[in-house]
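Chemist: fold the following, please.
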Amino acid sequence: MKKVLLVLALGAFATSCGPSMCDCANASKEQLEDESFADKCEKMEDDWKAKFKEADEDEQKAMRADVDACSEKDND
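Modeler: Modelled structure (predicted):
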């Protein structure tokens, strides 16, 4: 049940206003120079790290897979 809630929370977070997790993971130097964009990404990273720290092994594995998917998406 916790895993389902985590996935829903991440999905809701990813579709909220602002850059997505992949946008932040694959941000260009110019994007990171934009203070608003950088602040939103920093907050997203802090939230993600807090959730990751509290997650069990399966949840952490799913969260890593989401981040890895962003990297793979950028390489396509």
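
Chemist: which residues touch the host helix or strand of Glu30?
Modeler: Assigned by DSSP states H and E, Glu30 belongs to helix 29-33. For helix 29-33, contacts defined as Cβ atoms under 8 Å, 6 or more residues apart in numbering pick out 23, 37-38, 41. Glycine gets a C-beta too; all of them are placed from N, C-alpha and C.

Chemist: I'd like to know which of the residues you listed are buried.
Modeler: 23, 37, 41 (16 or more other Cβ atoms under 10 Å).

Chemist: could you export the residues you listed as a markdown table, including distance to Lys29, pLDDT and secondary structure?
Modeler: A markdown table is the format used below for those (distance: Cβ to Cβ, whole Å; pLDDT from 0 to 100; DSSP: H, G, I helix; E, B strand; the rest coil):
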| residue | distance to Lys29 | pLDDT | secondary structure |
| --- | --- | --- | --- |
| Asp23 | 14 | 89 | helix |
| Phe37 | 12 | 92 | helix |
| Cys41 | 13 | 91 | helix |
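
Chemist: looking at those, which is nearest Ala62?
Modeler: When those are compared for distance to Ala62 (Cβ to Cβ), Asp23 wins out at 19.8 Å.

Chemist: need the contact list for that closest one.
Modeler: Neighbour list for Asp23: 31, 41 [criterion: Cβ under 8 Å, 6+ apart].

Chemist: where does it sit relative to Phe37, distance-wise?
Modeler: 8 Å (Cβ to Cβ, to the nearest Å).

Chemist: about what we covered before: the contacts of helix 29-33 into CSV, with extra columns for distance to Glu59?
Modeler: Shown next, in CSV, are the contacts of helix 29-33 (distance: Cβ to Cβ, whole Å):
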residue, distance to Glu59
Asp23, 23
Phe37, 27
Ala38, 27
Cys41, 22
